[in-house]
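Engineer: One predicted model, sequence on top.
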Amino acid sequence: MKALQGVEGQVKWLEEPSPTCDAGQIRIRVAAAGLNRADLLQRAGLYPPPPGASQVLGLECSGIVSQVGPGSSWQVGDRVCALLAGGGMAEEVVVDARHALAVPEGLSLVEAAAVPEVYSTAWLNLFQLAGLRPGEKVLLHAGASGVGSAAIQLCKAFGSPCWVSVGSEERLAYCQSLGAQGGVVRTEGIDALGAFGPFDVILDPVGANYAANNLKLLNLDGRWVLIGLMGGRNAQLDLAQVLAKRVQLLGSTLRSRDDQFKAQLLSELNQHVWPLFTEGRLSPQLAKTFPVEQAEAAFNELADNNVSGKLVLLIDKTLV
């Protein structure tokens, strides 16, 4: 099979051995794969996959089941999308059968490729870890990102008003169109977010640059969920505010979680989130697609930080 590999800071479409399909697994003929910031880091050699995971790029994909290992209830021909620790940007991928979900009714395979990673991330961090409750106020940094786009829609669907920090007025308008109450453009300073706070939950992929402000913006018993370090890793904090406000700082990654954890997470998504796609209350925010032959251009566009929503690579055009 052919697969996308990070080679010396670039991506190459190369021949790779086909993975075996064992008990409890399924093989997917990949139609499309979502592009995430973790893929940028892996391309640069900064984010290797967990031990035992595929070295091929890609944390989510969609496609058609082409083989079913013993112990799985999937059928050959089923339309699925999958959450992966790696391997999605390839002609085929083998995945734990519990980490695949049926493509929501009404979604194309291309749209479905933009869903698993960002909705898993948003659900895990807002609802499982932070315990977000209806009516609590949420701040989403990088609100126009793929995760931010999913988080805005989930907050709206489950009754929690949210605000965002973004990179431009256009991206702020985009977030408001999805359901955000408002927000600020980061180049104008995020101090202005104080007018909308205090916030009960902050979802933060930025890190150090926003750390001091996050403490100021949090409510009593606030939860600060750190999911990335786009703004650096070293920060100076006033720990007196952590004590006085009873703040919980939660560090969170998804890729390295074990198979059982991911299976439970996908089960919750199937129960609580997937029906909302069919009802039209959630939608994949597909910004642009690229044929896999233009993968380098797609990676560079994501790296420019001007994308609102998700980029998707088309792997097999006969399926989409």
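Structural biologist: On my side now, so go ahead. Numbering: from 1, shown residues only.

Engineer: contacts and neighbour counts: CA atoms only from here.
Structural biologist: OK.

Engineer: show me the contacts for the residue nearest to L311 when sequence neighbours are not counted.
Structural biologist: Among residues not flanking L311 along the chain, K288 sits closest, at 5.2 Å (CA to CA, 6 or more residues apart in numbering). Contacts for K288 (CA atoms under 8 Å, 6 or more residues apart in numbering) come out as K310, L311, V312.

Engineer: K288 should be in a strand, yeah?
Structural biologist: Yes - K288 forms part of a strand when assessed by DSSP: H, G, I helix; E, B strand; the rest coil.

Engineer: Just the pLDDT for it.
Structural biologist: pLDDT recorded at K288 is 97.

Engineer: heads up, I number from 5, so please use that
Structural biologist: Yes, from this point I'll number from 5; that puts the last item at K292.

Engineer: That one and G226, how far apart?
Structural biologist: 36 Å (CA to CA, to the nearest Å).

Engineer: same deal with V168?
Structural biologist: V168 is 17 Å from G226, by CA to CA.

Engineer: coming back round to it: tell me how far the residue nearest to L315 lies from G211.
Structural biologist: On the measure of CA to CA, K292 and G211 end up 28 Å apart.

Engineer: got the contact list for E300?
Structural biologist: Q14, V15.

Engineer: Which residue ranges of this protein form helices?
Structural biologist: Taking DSSP state H as the criterion, the chain contains helices spanning 41-47, 113-116, 120-127, 150-161, 173-182, 212-221, 243-249, 263-272, 278-282, 299-307.

Engineer: pLDDT averaged over the longest one, what's the number?
Structural biologist: In other words, helix 150-161. 98.

Engineer: what is the orientation angle of it with helix 173-182?
Structural biologist: The directions of helix 150-161 and helix 173-182 differ by 40 degrees, with axes from the mean of the first three to the mean of the last three CA atoms, to 10 degrees as the criterion.

Engineer: circling back to that earlier point, so which of the helices of the chain is nearest G236?
Structural biologist: helix 212-221 (4.9 Å; CA to CA).

Engineer: list the buried ones in the closest one?
Structural biologist: A212, N213, Y214, A215, N218, L219, K220, L221 (16 or more other CA atoms under 10 Å).

Engineer: okay if I get these as JSON lines plus pLDDT?
Structural biologist: Shown next, in JSON lines, are the buried residues of helix 212-221 (pLDDT from 0 to 100):
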{"residue": "A212", "pLDDT": "90"}
{"residue": "N213", "pLDDT": "91"}
{"residue": "Y214", "pLDDT": "94"}
{"residue": "A215", "pLDDT": "94"}
{"residue": "N218", "pLDDT": "96"}
{"residue": "L219", "pLDDT": "96"}
{"residue": "K220", "pLDDT": "96"}
{"residue": "L221", "pLDDT": "97"}
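
Engineer: out of V168 and G226, which sits in the busier spot?
Structural biologist: V168 (28 against 25; other CA atoms under 10 Å).

Engineer: pLDDT score assigned to the more buried one?
Structural biologist: 98.

Engineer: Pull the contacting residues for it.
Structural biologist: Contacts of V168 by CA under 8 Å, 6+ apart are L143, L144, H145, A146, G147, L176, C179, A184, G186, G187, V188.

Engineer: Out of those, the closest to V60 would be?
Structural biologist: A146 (26.7 Å).

Engineer: in the sheet, who's paired with the closest residue to the closest one other than its chain neighbours?
Structural biologist: Nearest non-adjacent residue to A146, counting by CA to CA, 6+ apart: V170, 5.2 Å away. Counting by DSSP bridges, V170 forms beta bridges with V189.

Engineer: residues contacting V170?
Structural biologist: H145, A146, G147, A148, L176, G187, V188, V189, R190.

Engineer: just S124 next, same as before
Structural biologist: L269, L270, L273.

Engineer: The first one - how many residues pack around it?
Structural biologist: Think L269. L269 has 19 nearby residues by other CA under 10 Å.

Engineer: thought it was touching A126?
Structural biologist: No - under the criterion of CA atoms under 8 Å, L269 makes no contact with A126, lying 11.1 Å away.

Engineer: returning to what we had before: switch the helices of the chain over to TSV; also include distance to T24.
Structural biologist: Output for those, formatted as TSV (distance: least, CA to CA, whole Å):
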stretch	distance to T24
helix 41-47	23
helix 113-116	24
helix 120-127	23
helix 150-161	31
helix 173-182	41
helix 212-221	42
helix 243-249	49
helix 263-272	18
helix 278-282	29
helix 299-307	26
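
Engineer: closest to G28 out of those helices?
Structural biologist: Closest among the helices of the chain, using CA to CA: helix 263-272, at 11.4 Å.

Engineer: How far off centre is the closest one?
Structural biologist: In this view, helix 263-272 has its centroid 15 Å away from the chain centroid, taken as CA atoms, centre = their mean, to the nearest Å.

Engineer: for stretch 276-290, same thing?
Structural biologist: 15 Å.

Engineer: So which bits of it are buried?
Structural biologist: So stretch 276-290, judged by 16+ other CA under 10 Å, has buried residues V277, W278, L280, F281, L286, S287, P288, Q289, L290.
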